[in-house]
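Q: coordinates only, sequence not included:
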């Protein structure tokens, strides 16, 4: 059990939040159990499963991830700097510091926390050709390359549109915000950060017929009575007691 | 010369000697693969025949019911007697005009409710009447109400008996119950 927790801990919080999938599902789809001890009293519950995964731009519950982490494939370990306070979110304006697009600013389209990666819209791109055939040269696709959050990308101060270092501080109301160290301007959280697969923002969610509405949810219909749950149910079903059975008389 | 021949035979190789194990029994191999009686060992008919041969006594290869509880019992001869009352009856309430749905909308803010304790239940059932009686001087010298409500009029025995009727969730130890009834 400790092993699976370790594997699952590698999946970033932002990844899980964006997916909006149940955590059990992500864990289950990721794990590759090769052998399990039989379900018998003489065995301790032990599993032989894959421990090291290579995280990529493909999400951990996808088939492409499984292909990249196929049984038997052993990739070299990628050393990822542990970041205590993650500061760059989807929708943030960011300046690229390395590569061909050095100095250009763009908006973050994807965040891959497991590798400290960030994909900026339209920047740090390269061409690749998909659907190559014998005769067909393939369709050209512009795809972004990931950039490291630590030293390849920097948040932009909205007041002067220049890159800054930021600090997490608290406002007078008690809200935790990012503050630019140079100017002291608060960098607000982008709206796209709230986005998930199901909705753009919680207030913009379109309610379906199977969703309970707020007005119904917050209604208080409980009236305290001196009855147990079973008595309540019996009352409602209008079943009167025929025999009063004493608990002591029923043989255990 | 005969003696030396015998002596040479007495020198046994090390592996044939017996030794005393001083380590704990648990240190030995525990994950033995024997005695793993899987459900697929023998068909159901085989298991039932085997059971009959043994005089309907529990065998080493019992019929596995996969956790399904029986809706009857076996008599002395081994015949199964079905009891219709044992068949579970699902009590499903009428859900017409029921507004709560299986899912909750994302637009809903977090609902925070404190725990509903026994104190809260007492306050809801008894406290109002007690306060009114006190204000209207309807309590006697001991503090008991002069016009008790149904719940207030219960004697301890009555209350206990009522609480232990079918539908109660107050379970006491069986031995304690016996002492009280005797």
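A: Good, I have the coordinates. Keep in mind that this is a model prediction, so the values were computed, not measured.
Q: could you show me where the helices are in the stretch 101-250 of chain A, in order?
A: Remark: helices assigned in the stretch 101-250 of chain A by DSSP state H, counting those that start in this stretch are A:214-217, A:229-236.
Q: just chain B next, same as before
A: Assigned helices in chain B, in chain order: B:2-10, B:44-53, B:118-122, B:128-135, B:156-163, B:174-181 (criterion: DSSP state H).
Q: Need the pLDDT of the closest residue to residue A:110 other than its chain neighbours.
A: In this structure, residue A:110 finds its nearest non-sequential neighbour in residue A:119, 4.1 Å apart by C-beta to C-beta, 6 or more residues apart in numbering or on different chains. The way it works is simple: take the backbone N, C-alpha and C, and place the C-beta from them, glycine included. pLDDT for residue A:119: 97.
Q: Residue A:119: what's it in contact with?
A: A:57, A:108-112, A:144-147 (C-beta atoms under 8 Å, 6 or more residues apart in numbering or on different chains).
Q: one more time with 6 Å, if that's ok
A: A:109-110, A:144, A:146 (C-beta atoms under 6 Å, 6 or more residues apart in numbering or on different chains).
Q: Please dump those residues into CSV; it should also carry pLDDT, distance to residue A:91 and neighbour count for every row.
A: Supplementary listing: these in CSV, determined by pLDDT from 0 to 100; distance: C-beta to C-beta, whole Å; neighbours: other C-beta atoms under 10 Å in any protein chain shown:
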residue, pLDDT, distance to residue A:91, neighbour count
A:109, 96, 9, 15
A:110, 95, 11, 17
A:144, 96, 15, 19
A:146, 97, 17, 19
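Q: Show me the two of these that sit farthest apart.
A: Using C-beta to C-beta, the contacts of residue A:119 span at most 10.8 Å, a distance reached by A:109 and A:146.
Q: which one of the contacts of residue A:119 sits closest to residue A:18?
A: The closest of those, once distances to residue A:18 are taken by C-beta to C-beta, is residue A:110, at 8.6 Å.
Q: so the residue sitting nearest the centre point of chain A is in which element?
A: Central residue of chain A (C-alpha atoms, centre = their mean): residue A:16, 1.3 Å from the mean position. Per DSSP states H and E, residue A:16 falls inside helix A:13-19.
Q: Name the strands paired with the lengthiest strand in chain A and say parallel or antiparallel.
A: Looking across chain A with DSSP state E, the single longest strand is strand A:105-112. Using DSSP bridges, the strands paired with strand A:105-112 are strand A:93-96 (antiparallel), strand A:117-120 (antiparallel).
Q: starting at the chain centroid, how far to that strand?
A: Taking C-alpha atoms, centre = their mean, to the nearest Å, one finds the center of strand A:105-112 at 16 Å from the center of the full chain.
Q: residue contacts, residue A:115?
A: Each residue near residue A:115 by C-beta under 6 Å, 6+ apart is listed here: A:55, A:80.
Q: Please repeat the previous calculation with a cut-off of 8 Å.
A: A:55-56, A:78, A:80, A:146.
Q: Tell me the one of these nearest chain B?
A: Nearest to chain B among those is residue A:55, at 27.8 Å by C-beta to the nearest C-beta.
Q: Contact partners for residue A:188?
A: Residue A:188 sits in contact with A:158, A:177, where contact means C-beta under 8 Å, 6+ apart.
Q: how much space between it and residue A:130?
A: Distance, residue A:188 to residue A:130, using C-beta to C-beta, to the nearest Å: 37 Å.
Q: For the residue nearest to the centre of chain A, give me the pLDDT.
A: Reported pLDDT for residue A:16: 94.
Q: Does it touch residue A:26 like I think?
A: Yes: look at residue A:16 against residue A:26 with C-beta atoms under 8 Å: they come within range, at 6.5 Å.
Q: May I have the secondary structure class of residue A:67?
A: At residue A:67 the chain is in helix, as set by DSSP: H, G, I helix; E, B strand; the rest coil.
Q: what's the neighbour count on it?
A: Neighbourhood size, residue A:67 [other C-beta atoms under 10 Å in any protein chain shown]: 10.
Q: From residue A:132, how far out is it?
A: Distance, residue A:67 to residue A:132, by C-beta to C-beta: 18 Å.
Q: And the contacts of the helix holding residue A:16?
A: Outside of helix A:13-19, the residues within contact range by C-beta under 8 Å, 6+ apart are A:23, A:26, A:59-61, A:86, A:89-90, A:111-114, A:195-197.
Q: gap between whichever helix or strand comes after it and the chain center?
A: Using DSSP H and E, the helix or strand that follows helix A:13-19 in sequence is helix A:23-30. On the basis of C-alpha atoms, centre = their mean, helix A:23-30 sits 11 Å off its chain's mean C-alpha point.
Q: ok, now stretch A:181-197?
A: Worked out by C-alpha atoms, centre = their mean, stretch A:181-197 lies 18 Å from the chain centre.
Q: pLDDT (mean, whole number) over it?
A: 94.
Q: start to end distance for that stretch?
A: For stretch A:181-197, the first-to-last residue distance is 34 Å (C-alpha to C-alpha, to the nearest Å).
Q: Check which residues of that stretch are buried.
A: For stretch A:181-197, a neighbour-count test (16 or more other C-beta atoms under 10 Å in any protein chain shown) marks A:186-187, A:190, A:193-195 as buried.
Q: For the residues you listed, work out which two are farthest apart.
A: A:186 and A:195 (21.1 Å).
Q: circling back to that earlier point, any chance of the buried residues of stretch A:181-197 in a markdown table, with distance to residue B:152 too?
A: Formatted as a markdown table, the buried residues of stretch A:181-197 follow (distance: C-beta to C-beta, whole Å):
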| residue | distance to residue B:152 |
| --- | --- |
| A:186 | 61 |
| A:187 | 64 |
| A:190 | 62 |
| A:193 | 58 |
| A:194 | 54 |
| A:195 | 58 |
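Q: From these, which land in strands?
A: The members of those that map onto strands under DSSP E are A:186-187.
Q: Now distance to chain B too, for the buried residues of stretch A:181-197, in a markdown table please.
A: As requested, the buried residues of stretch A:181-197 are arranged in a markdown table below (distance: C-beta to the nearest C-beta, whole Å):
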| residue | distance to chain B |
| --- | --- |
| A:186 | 25 |
| A:187 | 26 |
| A:190 | 19 |
| A:193 | 15 |
| A:194 | 10 |
| A:195 | 12 |
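Q: Which of the buried residues of stretch A:181-197 sits closest to residue A:161?
A: residue A:187 (11.8 Å).
Q: what's the closest of the buried residues of stretch A:181-197 to residue B:20?
A: residue A:193 (70.3 Å).
Q: Quick check, the closest one in contact with residue A:87.
A: No: taking contacts as C-beta under 8 Å, residue A:193 lies outside contact range of residue A:87: 11.4 Å.
Q: From the structure, what's the count of residues near residue A:105?
A: By other C-beta under 10 Å, neighbour count at residue A:105 equals 16.
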